[in-house]
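Novice: this is the structure alone, sequence omitted:
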Ligand SMILES: Nc1ncnc2c1ncn2[C@@H]1O[C@H](COP(=O)(O)OP(=O)(O)OP(=O)(O)O)[C@@H](O)[C@H]1O
């Protein structure tokens, strides 16, 4: 039942700064605990709140606030309390008492209308009087802005961000073009802006709306990996989003092109539409690649001698292709090395490093993810960084949450003679652009990767486009070495890639197929494998065994499998604390994965006495860990990642974590696991392709077990149709020749 309570905020018990969720003690006729969304409210202020009483299992009776308004404090005691509460910096209880004693019931009026009179009070200078006035105004403005935005369901940090960005202009912008918010403020997308626009009464055919819808459609396409869209596809998608006709969309396309927000690229066959940012990125990448591609005059003999030394050192003989790679690396500014698992990429990189080292050259190594960089460090014996670290990522400012920039760029390039990047298939257009900007001409750049892996999560098809342009030196390694040839994981990966049948007779030591035709049976088999069969076989813990699945949804999708596997592998227990967040239960002992890059979050490594011995920042998309501790009172949980790194998450950051008993094959890119289980039964035909299966199989170091349907497995091997990605880099590179 809706009720109204009124009173003074005695004490703020808890506040989540992210979303404004607050627990406070309200002093009215009686003491009430109120919970709800109260950003920007201070102790000592007066509110009148609508809501209803609820019973919390631990904290007892609470008043759940749905909406509230500010009341001016009425009696002198309350005015004094408010002023002295700390709400206005520089005024403490003693000064508040003096102010109220002098101005009595006119106190607020004086502050607002004749603030200079405050300096009549001992202890307040003219400057301070001005400052009090400014703070008072700011608070009032911010508060009215908060209340205004609350009508549109914008609360917490987001509301503060909007007001901080626009100030008093906020009202005009909201009235005329709320779509501006989607462009200026991270955290507001087209949907939110459209929602605000509708409530404000902006018509569905407003020019601003159509333009914003087109830009949003391009943005959405980029989250599917596209760099541009063909015109008709863009129009059709925009029509569906905006529920509008083609004509106004065509018109606004032209307007956006004039404003230089989009670029139109005509080809003989089709017209492509880019967001301007991506268009220039693509163009610059193509140009920078050409600029780097310088020929060096290196004596073949020298190269051969060096290779010989390395061969003696490692007791191997390089294959012809590997030799070519070393010679090309020595003689060219740009080289691409590609090959599947076990084809000797690492061995080639190591020889290249030795060559340049002997030449006295500086060498830097990097890879796109933390895990890939770690692996590169292990296999080369030289420190490899993530590309982000290499480029010295910095945050622009505290209030611009997701805006990052790199210290290393064209003004301050990397100081090195040689740069080797591994796992290039995971590098998207943004990262490639940032990377190349930081490389000066004359640096030798060696890009290594497996072009048959799934393309990057972010937009673009960088590695493939560079190779297919046929404009640069590419060495393809395709021989599987003897050591690797003993592994059916590697042999089968190559067969899958070539569209050949693989043997499913289970005579292998590291590649198994268990035919099951029902989702629940498949789930039960997987549990048995993880709990009982595989740990001993691969000498690993159940946590090291990773289930990889093609989809998020469905009976064998990530979401359902995580629930089933959580229940089987980490069931609830008296001693295990859990927290439910957005319909997921996070429980102590759960396996979780960070699902976005967070460069700011800190980690610590502690000694057994609990003393921090090492600390740093950054947890990256794809990093997996275990929940060690959940604290319901402080609303935090602690996750332990690789190398005993402990990371403290507040509950409001739980969006960054997902259960990771099962993860999608897409998310597993760049990671390796001792053992992988693949449930393959049924799903969208487009998704079930060779590329996906190949990526999944190559994630396993020691053992792959496929559980499911052999027909579907064969279908995947036969299905060469990769999901289409619109990317124009290959063309841009060719155009510049
Ligand atoms: N020329 C060679 N002669 C003999 N063995 C080789 C040669 N080159 C590589 N190898 C061996 O083949 C195996 C695979 O090589 P390497 O690790 O370099 O391949 P890779 O392409 O990096 O593999 P992955 O992508 O799976 O890490 C290793 O055991 C390596 O020692």
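Specialist: Done, it's in. Everything numeric in this text was worked out from a predicted model, so none of it was measured. Numbering: from 1, shown residues only.
Novice: residue 603 is in what secondary structure piece?
Specialist: Under the criterion DSSP states H and E, the helix or strand holding residue 603 is strand 598-606.
Novice: and the next helix or strand past that strand?
Specialist: Counting by DSSP H and E, the next helix or strand C-terminal to strand 598-606 is strand 612-619.
Novice: next, the buried residues of that next one.
Specialist: Of the residues in strand 612-619, those with enough neighbours to count as buried (16 or more other CB atoms under 10 Å) are 618, 619. (Each C-beta comes from the backbone N, C-alpha and C, glycine too.)
Novice: which helices and strands does it pack with?
Specialist: With contacts taken as 3 or more CB pairs under 8 Å, 6 or more residues apart in numbering; DSSP states H and E, strand 612-619 sits against strand 598-606, strand 645-650.
Novice: number of residues surrounding residue 441?
Specialist: Per other CB atoms under 10 Å, the neighbour tally for residue 441 reads 11.
Novice: that one bridge partners, please.
Specialist: residue 443 (DSSP bridges).
Novice: try residue 584
Specialist: Residue 584 forms beta bridges with residue 581, as assigned by DSSP bridges.
Novice: does it touch residue 658 like I think?
Specialist: Yes. At 7.4 Å, residue 584 and residue 658 qualify as touching, with contact defined as CB atoms under 8 Å.
Novice: any buried residues in the helix or strand containing residue 67, and which?
Specialist: Under the criterion of DSSP H and E, residue 67 resides in strand 60-71. For strand 60-71, a neighbour-count test (16+ other CB under 10 Å) marks 62, 63, 65, 68, 70 as buried.
Novice: what do you get for stretch 437-444?
Specialist: Within stretch 437-444, judged by 16+ other CB under 10 Å, the buried ones are 437, 438, 439, 443, 444.
Novice: which residues sit against it?
Specialist: For stretch 437-444, contacts defined as CB atoms under 8 Å, 6 or more residues apart in numbering pick out 284, 288, 291-292, 294, 296, 329, 332-335, 356, 391, 406, 408-410, 412-414, 416-419, 445.
Novice: and what of stretch 191-209?
Specialist: Residues from elsewhere that reach stretch 191-209, judged by CB under 8 Å, 6+ apart: 151-154, 174-182, 212-213, 242-244, 248, 252, 255.
Novice: go again using 10 Å as the cut-off
Specialist: Contact with stretch 191-209 is made by 149, 151-154, 158, 174-183, 185, 188, 190, 210, 212-213, 216, 241-245, 248, 251-252, 255, as judged by CB atoms under 10 Å, 6 or more residues apart in numbering.
Novice: spell out which parts of the protein neighbour the ligand.
Specialist: Counting by CB under 6 Å from any ligand atom, the chain comes close to the ligand at 316-319, 322, 339, 341-347, 481, 483-484.
Novice: so which of the residues you listed belong to helices?
Specialist: With DSSP state H as the criterion, helices contain 322, 345, 346, 347, 483, 484 from among these.
Novice: can you pull the poorly scored residue ranges out of the stretch 551-700 of the chain?
Specialist: Within the stretch 551-700 of the chain, no stretch falls below the threshold (pLDDT under 70).
Novice: ok, now with 90
Specialist: Low-confidence segments of the stretch 551-700 of the chain, defined by pLDDT under 90: 581-583, 595-601, 608-610, 616-623, 633-635, 642-644, 652-653, 655, 667-672, 683-687.
Novice: residue 20: neighbour count?
Specialist: Residue crowding around residue 20 was assessed by other CB under 10 Å; the count is 21.
Novice: any idea how far it lies from the ligand?
Specialist: Here the criterion is CB to the nearest ligand atom, to the nearest Å. By it, residue 20 lies 48 Å from the ligand.
Novice: residue 726: what's it in contact with?
Specialist: 221-222, 224-230, 233-234, 272-274, 459-461.
Novice: hmm, try it at 6 Å
Specialist: With contacts defined as CB atoms under 6 Å, 6 or more residues apart in numbering, residue 726 is in contact with 226, 228.
Novice: could you do residue 342 as well?
Specialist: Shown here is residue 342, whose contacts under the criterion CB under 6 Å, 6+ apart are 480, 484, 490.
Novice: tell me the pLDDT at it?
Specialist: Per-residue confidence at residue 342 stands at 90 (pLDDT).
Novice: now stretch 6-16: how far from the chain's centre is it?
Specialist: Relative to the chain's own centre, stretch 6-16 is displaced by 34 Å; criterion: CA atoms, centre = their mean, to the nearest Å.
Novice: what's in contact with that stretch?
Specialist: 22-28, 43, 45-46, 48, 78, 652.
Novice: related to what we said a few turns ago, so which of the contacts of residue 342 is the closest to the ligand?
Specialist: Using CB to the nearest ligand atom, residue 484 is the member of the contacts of residue 342 that sits closest to the ligand, with 4.7 Å.
Novice: just give me the neighbour total for that closest one.
Specialist: Residue 484 has 18 neighbouring residues, counting by other CB under 10 Å.
Novice: thought it was touching residue 492?
Specialist: No. The pair formed by residue 484 and residue 492 falls short of the contact definition of CB atoms under 6 Å, at 11.7 Å.
Novice: secondary structure element for residue 474, which one?
Specialist: Residue 474 is part of strand 473-477 when elements are defined by DSSP H and E.
Novice: can you list the strands that that strand pairs with?
Specialist: Applying DSSP bridges, strand 473-477 is found paired with strand 334-339 (parallel).
Novice: can you give the distance of the strand it pairs with from its chain's centre?
Specialist: Taking the mean C-alpha point of strand 334-339 and that of its whole chain, the gap between them comes to 28 Å (CA atoms, centre = their mean).
Novice: mean confidence for it?
Specialist: On average, strand 334-339 scores 97.
Novice: equivalent analysis for stretch 515-531, please.
Specialist: Stretch 515-531 comes out with an average pLDDT of 96.
Novice: just stretch 132-145 next, same as before
Specialist: The average of the pLDDT scores along stretch 132-145 is 84.
Novice: where exactly do the strands run in the stretch 351-500 of the chain?
Specialist: 363-367, 384-386, 393-395, 404-406, 418-421, 444-449, 473-477 (DSSP state E, counting those that start in this stretch).
Novice: buried deepest among those, which one?
Specialist: The densest packing among the strands of the stretch 351-500 of the chain, expressed as mean neighbour count by mean count of other CB atoms under 10 Å, is seen in strand 444-449 with a mean of 26.
Novice: avg pLDDT for that one?
Specialist: Strand 444-449 shows an average pLDDT of 98 in the prediction.
Novice: do stretch 70-87 as well
Specialist: Within the predicted structure, the mean pLDDT of stretch 70-87 is 78.
Novice: ok, residues contacting it?
Specialist: Taking CB under 6 Å, 6+ apart as the criterion, the residues outside stretch 70-87 that touch it are 8, 42-44, 46-48, 91-93, 96-97, 100, 107.
Novice: between these, which is nearest the ligand?
Specialist: Using CB to the nearest ligand atom, residue 42 is the member of the contacts of stretch 70-87 that lies nearest the ligand, at 57.7 Å.
Novice: which residues does the closest one contact?
Specialist: Contacts for residue 42 were tallied using CB under 6 Å, 6+ apart; they are residue 87.
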